[in-house]
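# show me the folded form of this:
(2 chains)
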Amino acid sequence: MSAANTPEVLRPPVSKSGPIEWVKTNLTSTWYNAVLTVVMLALVIFFLRLTLSWVFFDANWDPVRSNLKLFLVGQYPDEEMWRIGVNALMVSLLMGVSWGVWRGVARTFGRVIVVGLIVIAVLPLSLDDLSLEGRIWVAANPGMIGLGFVLARAPFIRPKRVVIAWVVAFFVAILLLRGIGGVAFLPEVSTTLWGGLLLNLILAVVGIVASFPLGILLALGRRSNLPAVSWLSILFIETVRGVPLVTLLFMTQIILPLFLPEDLRIDRVTRAMLAITLFSSAYMAENVRGGLQAVPGGQVEAAKALGLNGPYVMIFIVLPQALRAVIPAIVGQFISLFKDTSLVVVVGLLDVVGIGRSIFLGNVAWIGAQREVYVFLAAIFWVFTYSMSYTSQKVEEALRVRRN
Amino acid sequence: MRFLTLGGVPLWRDARVLRAAAQIISVLIVVIVAVFVINNVLDAAEKRGFSLGFGFLEEEAGFIISESVIEYGAADTFQSAFLAGVLNTLKIALLGIILATGLGVIVGVARISSNWLVRTVAGVYVETFRNIPLLIQLFFWYFGVFLLLPPVRESIQWPGPVFLNARGFFAVWGSASSSFSTWIWFVLAGVILALAVRVAAGQVQSRFGRATHPNLSALAVLVILPIIGWFLMAESPLVRDVPELGRFNFEGGLRLSPEFAAFLLGLVIYTASFIAEIVRAGILSVQKGQLEAARALGLNELQTMQSVAFPQAMRVIVPPLISQFLNLTKNSSLGILIAYPDLYFVSRTMINQAGRAVPIFLMIMGAYLLMSLTFAVIGNIYNRRVRYVDR
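Numbering: from 1, shown residues only, chains lettered A, B, ... in the order given. Next up is the predicted model:
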């Protein structure tokens, strides 16, 4: 065998890396990609310059700065503000405990919240706009999260108990905000004073919590093999899903009082909650139905073979599996419900958007600063919804990895 | 207790009895609630003296609507006011759906571009607009942009006769001349013939295996016939209509009110961010093996896209896309907040004017449900047509 006959040995291609190579493959792989990159770059620079110069030099942020309290909690009385603070601390503590119990799953969200709160506490605003007391309340929350995180190692803390604690905390929070008539240190705070971002959060949380049992019932009803039950469920679900939320809000504000006896009066915030709950329960029913369909038929058959009766099969075998499967969908629903709570402004409630509109009524000098206020509102909602959807994406990825 | 058994099984454990009882009870609950509600409404109607009938629809409405597709004035009936509102909703919904689909497809394709910058910008677009409530975006566009535009005399002029000011958006447009009504028949004939050509060419191709390019041939017919018609007319059917500065505002040409322009822009930008994600997921759902198999069979890039990737992606894209169309239509009820006279806004004005809350509320519900039903029917027909057939 002579050297001439030896096939030429090809060396493996050298993998190139480095910034220049990155630009070549990601920005200028073909001639039209290069053109696209240049055009896009010009557009991005144009918009960034426009936006940044407006935000830092041209915009008049006075209407936002001097109304921070209104935006956050509406007209909630000053001397009762501690209740909101206590609620926040309670939620922080539970969040810390959850973070400690579920570790990886809640980690991202926990970090986002801690950083966000610290940023708020040290915002470079004057003490008139954001009082020292307020800053301390805000800064206490990361501490509470940390406390919860440490507490989670205690032996009596178990996942199931944490879930129960969240449910209890929900009722405690509502009770604390509303107060009890006749109790000296907890005077009743009328719901007409609830407002701002607090109202949006309450509406969204109440909507999702209250629609959960309703949604499960409707989903079971829709899948029932009793024609009367399933037709009634379908009628309700499809009617509610077919009309805009605005019409439901309108119904509970104006039509509902006609439906009830004259001496039965429900306040406006509660009626808005009712509309949001009805709306949410139809969507919840469809989500739960998806979960029910995902439970393999063999599970039901096995349960029946073991001698469980119908309700037991549902409660102990089907529902636990179905509900676990729909958690991501419910998070998504909560996000869109939170966005939808901005619609209560249609029926005149002073949520964060309603406050944004009403501050112009009081001050003519600000009339030109509408853009600033709406950008601020957009930023608030964006921070909330984006951090929630980002977390749920991460959670889903983590769960998918674990399952595989 | 013997009489409570049926064939040896006690009644309360007999499946048939339980099923019947469950149904009777659930219907009974609904009927009781309905009777309670109707009783209260009738009671309130009698005490406060309002009527529940639809007779008022024939009466004079007595309010004006700022813009309308049909002729409408304050002297017209409530019926035509409601119709004007419905048509305004359909107008914004239809235009919004077309534009949002276009923008959404572009952004969705950009999301999976090989160009990092394009991909990132598209991602930022989606994450920004999807996560901000539509209402706030509408307020921003209307109060923060369109109403803050310069007054008529200082209008912003774009290249060409296109103007933007606080009173709206004005652009050059074609207005129909006397020969337009004849020419429209050529357009119609073009559409029908194009459909026929597409079907016929498709059959020839599938039976004889000769490439007849059904889509291209149909497109050619669709374009050529109206062009022939255009030159056959004595007078050109569409006349250039340029907006001219009149005494108070621009006159002539296409005019979009600031309400309509802001509303359309907001709806399109918001909905497109959802559509982009649907399109992206659809394209990514096509299995790589399908594309490789198509290339192995000798199809070129375009044919692979057209006959292999696209039909499979559509199967994933269309159902959620239709539900986005429905969402856009339902979201058009927000017009009331930026003074666009859609169905909901007009109905609220009708209630203020006529005081018939219950019948008008039923009309609102009926109109929206009819629209949802239409979308649902379209979706079902499509699903049945593209369903995988197991062989």
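# could you use CA atoms for every contact and neighbour count after this?
OK.
# residue in the stretch 251-400 of chain A with the shortest distance to chain B?
In the stretch 251-400 of chain A, the residue found nearest to chain B is residue A:371; the distance is 4.2 Å by C-alpha to the nearest C-alpha.
# who's in contact with that residue?
For residue A:371, the contact set (C-alpha atoms under 8 Å, 6 or more residues apart in numbering or on different chains) comprises B:140, B:143, B:144, B:145.
# neighbours around the residue of chain B found nearest chain A, how many?
Using C-alpha to the nearest C-alpha, residue B:144 is the residue of chain B that sits closest to chain A, at 4.2 Å. Residues within reach of residue B:144, counting by other C-alpha atoms under 10 Å in any protein chain shown, total 21.
# hang on, it in a strand?
No. Counting by DSSP: H, G, I helix; E, B strand; the rest coil, one finds residue B:144 to be helix, located in no strand.
# correct me, but it touches residue A:367?
No. The criterion here is C-alpha atoms under 8 Å, and residue B:144 misses it with residue A:367 at 10.4 Å.
# touching chain B at all, stretch A:60-69?
No. Figure legend: stretch A:60-69 not in contact with chain B (C-alpha under 8 Å from any C-alpha of the partner chain); closest approach 12.8 Å.
# the stretch 251-400 of chain A against chain B: which residues are in contact?
So the stretch 251-400 of chain A meets chain B at A:251, A:254-255, A:258-262, A:339-340, A:342-343, A:346, A:353, A:370-371, A:374-375, A:377-379, A:381-382, A:385-386 (C-alpha under 8 Å from any C-alpha).
# what's the domain layout of chain B?
Here the domain parsing of chain B from automatic domain parsing is B:2-47, B:78-151+B:257-386.
# just name the most buried of those domains.
Comparing the domains of chain B by mean neighbour count (mean count of other C-alpha atoms under 10 Å in any protein chain shown), domain B:78-151+B:257-386 ranks first with a mean of 19.
# report the separation between the two terminal residues of it.
43 Å (C-alpha to C-alpha, to the nearest Å).
# comparing the domains of chain B, which yields the minimum mean pLDDT?
The minimum mean pLDDT among the domains of chain B belongs to domain B:2-47 (a mean of 82).
# chain center to that one: distance?
Averaged C-alpha coordinates place domain B:2-47 at 41 Å from its chain's average position (C-alpha atoms, centre = their mean, to the nearest Å).
# can you check stretch B:277-294 too?
27 Å.
# does that stretch reach chain A?
No. Using C-alpha under 8 Å from any C-alpha, stretch B:277-294 stays clear of chain A, with a minimum separation of 13.9 Å.
# pretty sure residue B:188 sits in a helix.
Yes. Assessed by three-state DSSP, residue B:188 belongs to a helix.
# run a quick neighbour tally on it.
A count of nearby residues for residue B:188, using other C-alpha under 10 Å, gives 14.
# out of the contacts of residue A:371, who's nearest residue A:63?
Nearest to residue A:63 among the contacts of residue A:371: residue B:144, at 14.3 Å, using C-alpha to C-alpha.
# next, the contact list for that closest one, please.
A:370, A:371, A:374.
# in JSON lines: these, plus pLDDT and secondary structure.
Converted to JSON lines, these look like this (pLDDT from 0 to 100; DSSP: H, G, I helix; E, B strand; the rest coil):
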{"residue": "A:370", "pLDDT": "85", "secondary structure": "helix"}
{"residue": "A:371", "pLDDT": "88", "secondary structure": "helix"}
{"residue": "A:374", "pLDDT": "92", "secondary structure": "helix"}
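# what about the helices in chain B?
For chain B, applying DSSP state H gives helices covering B:15-48, B:78-111, B:116-130, B:134-139, B:180-208, B:214-232, B:258-285, B:288-296, B:301-303, B:310-331, B:343-354, B:357-386.
# just checking, what packs against the fourth one?
Read that as helix B:134-139. Applying 3 or more C-alpha pairs under 8 Å, 6 or more residues apart in numbering or on different chains; DSSP states H and E, one finds that helix B:134-139 contacts helix A:370-403, helix B:258-285.
# quick one: which of the ones you listed is nearest residue B:239?
Of those, nearest to residue B:239 by C-alpha to C-alpha is helix B:258-285, at 24.2 Å.
# next, the angle helix B:78-111 makes with the closest one.
With axes from the mean of the first three to the mean of the last three C-alpha atoms, to 10 degrees as the basis, helix B:258-285 and helix B:78-111 are set at 40 degrees to each other.
# for helix B:258-285, which helices and strands make contact with it?
When contacts are defined as 3+ C-alpha pairs under 8 Å, 6+ apart, helix B:258-285 packs onto helix B:78-111, helix B:116-130, helix B:134-139, strand B:168-171, helix B:310-331.
# could I get those as JSON lines with distance to residue A:13?
As requested, the helices and strands packed on helix B:258-285 are exported to JSON lines (distance: least, C-alpha to C-alpha, whole Å):
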{"stretch": "helix B:78-111", "distance to residue A:13": "30"}
{"stretch": "helix B:116-130", "distance to residue A:13": "24"}
{"stretch": "helix B:134-139", "distance to residue A:13": "51"}
{"stretch": "strand B:168-171", "distance to residue A:13": "57"}
{"stretch": "helix B:310-331", "distance to residue A:13": "35"}
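# now for residue B:75, how many residues are close by?
Neighbour tally, residue B:75, other C-alpha under 10 Å: 13.
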